[in-house]
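In: Requesting a structural model of the entry that follows:
(one chain, ligands or ions: 1)
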Amino acid sequence: MIKTIAYEAPYVVILDQNQLPQRVVYESCATAEQVAGAIRELKVRGAPLIGVAAAFGLALAMQQYQGSVADLHSYYQGKRDLLAATRPTAVNLFWALQRMDEVLQSSQGCAPGAVGERLLQAAQDLLEDDIRVNEAMGEKGQELLGGSVRVMTICNAGALATCGYGTALGVIRSAARRNKIEQVWACETRPVLQGARLTVWELMHDGIPVTLISDNMAASVMRRGEVDAVLVGADRIAANGDTANKIGTYGLAVLAAYHRIPFYVVAPSSTIDLSLASGEEIPIEERHGDEIRQFRGVYFTVPEAPVFNPAFDVTPHELITAIVTEKGIIQPPFADSMAAAFKTG
Ligand code: MRU
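Out: Numbering: from 1, shown residues only. Predicted coordinates for the structure are as follows:
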């Protein structure tokens with residue numbers, strides 16, 4: 001299995017995904033600031049992985065704490081704020097930091113060293129849980145697919161976006177183990193090409209048949225009758241089922257509806273944000289325009305060209321056939337079925 005993140009004292013070690021597929025390079029982050037930078041720069045990316053990386057960044061900072069018991073909480077808060085400010089859309093980031101807050105709160109009265117150890121264990125638990133949850137989604141989700149299917153996906157919702165196995169690609173992996181996958185159509189995913197660079201690499205690594213297309217070919221491939229299902233990940237799902245995912249996902253959902261192709265979202269419960277009534281409330285990250293103007297430092301347009309670069313879009317719930325989670329497959333009407341499956345208290 002591809003390792004995306006690990007704690008190897010005294011570092012948080014991450015796979016630098018910006019260098020894939022040409023180079024497999026691991027980077028040792030020595031500080032929470034370096035972990036935050038790696039998240040901002042997309043060296044680590046994908047909603048579940050961002051959450052776990054932030055948790056490790058926070059645990060790392062607390063391992064290094066040398067101050068008094070009295071100052072511990074404000075030090076923690078400073079590092080937490082830094083990590084929380086990296087990327088706004090994936091709710092898994094805030095979910096993971098919240099898990100860490102709960103561990104801090106339950107560590108009242110512990111010496112700073114013991115608090116650090118407990119937080120490190122909590123981050124490690126998040127990593128291991130993520131793999132288990134992905135495998136559970138894979139098993140449940142593959143039941144949606146018949147034999148010999150051709151599926152389409154966008155971005156990378158795979159092992160590389162998680163601590164292992166993946167969400168949408170986890171379902172594809174589980175289906176492939178049962179010889180159900182005839183073809184995966186991977187949309188390249190402009191502007192930073194997570195589909196071309198990461199999904200293609202990951203699926204070829206596992207021997208799963210994959211064909212790369214540029215994003216503007218999706219409609220044509222569907223029209224030719226060569227897609228049986230679309231499977232995507234998610235960065236945040238609102239209470240009514242509206243789903244934020246990589247820019248271009250909404251377009252695929254519109255196309256799938258037109259061509260009567262089922263459109264499945266695959267995401268762990270840590271991606272579900274019942275505090276937001278609809279997708280209109282999901283904050284959408286806008287990134288630097290050079291991601292559109294250039295690739296790896298080479299401009300292919302006028303360097304000063306005005307551009308618009310939202311990293312995510314929102315797919316309205318009515319375009320989604322079902323949402324695969326580790327708790328089961330959530331069917332429409334999502335407002336009711338999500339409340340029943342996920343409401344606590
Ligand atoms: O900008 P990225 O690469 O972090 O965007 C990732 C996606 O949009 C994924 O589809 C999503 O996080 C789900 S990953 C299991």
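In: May I have the phi/psi pair for Gly116?
Out: The phi and psi values for Gly116, taken as degrees, to the nearest 10, are phi -60, psi -40.
In: ok, now Ala229?
Out: phi -160, psi 150.
In: How about the closest residue to the ligand within the stretch 201-345 of the chain: what's its closest non-neighbour residue?
Out: Closest residue of the stretch 201-345 of the chain to the ligand, C-beta to the nearest ligand atom: Gly233 (2.7 Å). Any C-beta I mention is one placed from the backbone N, CA and C, and that applies to glycine too. Distances taken as C-beta to C-beta, 6 or more residues apart in numbering put Ala157 closest to Gly233, at 2.8 Å, once the chain neighbours are dropped.
In: what does Ala238 give?
Out: In space, Ala238 is closest to Leu276, 4.3 Å off (C-beta to C-beta, 6+ apart).
In: How is the one you found assigned, secondary-structure-wise?
Out: coil (DSSP: H, G, I helix; E, B strand; the rest coil).
In: Quick check: it touching Thr243?
Out: No - contact criterion C-beta atoms under 8 Å: Leu276 and Thr243 do not qualify, at 11.3 Å.
In: where does the stretch 151-300 of the chain dip in pLDDT?
Out: Applying pLDDT under 70 to the stretch 151-300 of the chain flags no residue at all.
In: ok, which stretches of it are helices?
Out: 168-177, 194, 200-205, 218-223, 249-258, 290-293 (DSSP state H, counting those that start in this stretch).
In: near the ligand, which residues of the stretch 51-200 of the chain show up?
Out: Within reach of the ligand by C-beta under 6 Å from any ligand atom, the stretch 51-200 of the chain has these residues: Ala90, Cys155, Ala157, Ala161, Thr162, Thr167, Gln194.
In: Can you give me the neighbour number for the last one?
Out: When neighbours are counted by other C-beta atoms under 10 Å, Gln194 registers 27.
In: if we can go back for a sec, what's the overlap in contacts for Leu276 and Thr243?
Out: Contact criterion C-beta atoms under 8 Å, 6 or more residues apart in numbering; residues shared by Leu276 and Thr243: Arg236.
In: more neighbours, these two?
Out: The neighbour comparison of Leu276 against Thr243 (other C-beta under 10 Å) goes to Thr243, with 32 against 19.
In: dump the residue contacts of the more buried one.
Out: 232, 234, 236-237, 249, 265, 267, 279, 314-315, 317, 320, 323.
In: picking up where we left off before, can you give me every residue that contacts the residue nearest to Ala238?
Out: Neighbouring residues of Leu276 by C-beta under 8 Å, 6+ apart: Arg236, Ala238, Ala239, Ile282.
In: and the third one, how many neighbours?
Out: The one in question is Ala239. Per other C-beta under 10 Å, the neighbour tally for Ala239 reads 21.
In: That one: what's its closest spatial neighbour, skipping adjacent residues?
Out: Once flanking residues are discounted, Ala239 sits nearest to Leu274: 4.7 Å by C-beta to C-beta, 6+ apart.
In: Phe342 is in contact with that neighbour, correct?
Out: Yes - using C-beta under 8 Å, Leu274 is in contact with Phe342, at 6.1 Å.
In: domains in the protein, as residue ranges please.
Out: 5-135, 138-341 (automatic domain parsing).
In: So what's the residue count around Leu49?
Out: Leu49 is flanked by 27 other residues according to other C-beta under 10 Å.
In: so how far is the helix or strand containing Ser74 from its chain's centroid?
Out: Assigned by DSSP states H and E, Ser74 falls within helix 72-84. In terms of C-alpha atoms, centre = their mean, to the nearest Å, the centre of helix 72-84 is set 23 Å apart from its chain centre.
In: got the buried residues for that helix?
Out: Of all the residues in helix 72-84, those buried under the rule 16 or more other C-beta atoms under 10 Å are Leu72, Tyr75, Tyr76, Lys79, Arg80, Leu82, Leu83, Ala84.
In: Averaged pLDDT, it. What do you get?
Out: Helix 72-84 shows a mean pLDDT of 97.
In: what is the orientation angle of whichever helix or strand comes after it with helix 72-84?
Out: Following helix 72-84 in sequence order, the next helix or strand is helix 91-105 (DSSP H and E). Put simply, helix 91-105 runs at 170 degrees to helix 72-84, going by axes from the mean of the first three to the mean of the last three C-alpha atoms, to 10 degrees.
In: Residues touching helix 91-105, excluding its own?
Out: Contacting residues not belonging to helix 91-105 are listed as 39, 47-48, 50-52, 54-55, 58-59, 73, 76, 80, 83-84, 86-87, 115, 118-119, 122-123, 126, 235-236, 268, 270-273 [C-beta under 8 Å, 6+ apart].
In: try 6 Å this time
Out: For helix 91-105, contacts defined as C-beta atoms under 6 Å, 6 or more residues apart in numbering pick out 47-48, 50-51, 54-55, 58, 80, 84, 118-119, 122, 126, 236, 270-271, 273.
In: Need the pLDDT of Gly345.
Out: Per-residue confidence at Gly345 stands at 59 (pLDDT).
In: and stretch 324-337 with the ligand, contact?
Out: No - figure legend: stretch 324-337 not in contact with the ligand (C-beta under 6 Å from any ligand atom); closest approach 11.6 Å.
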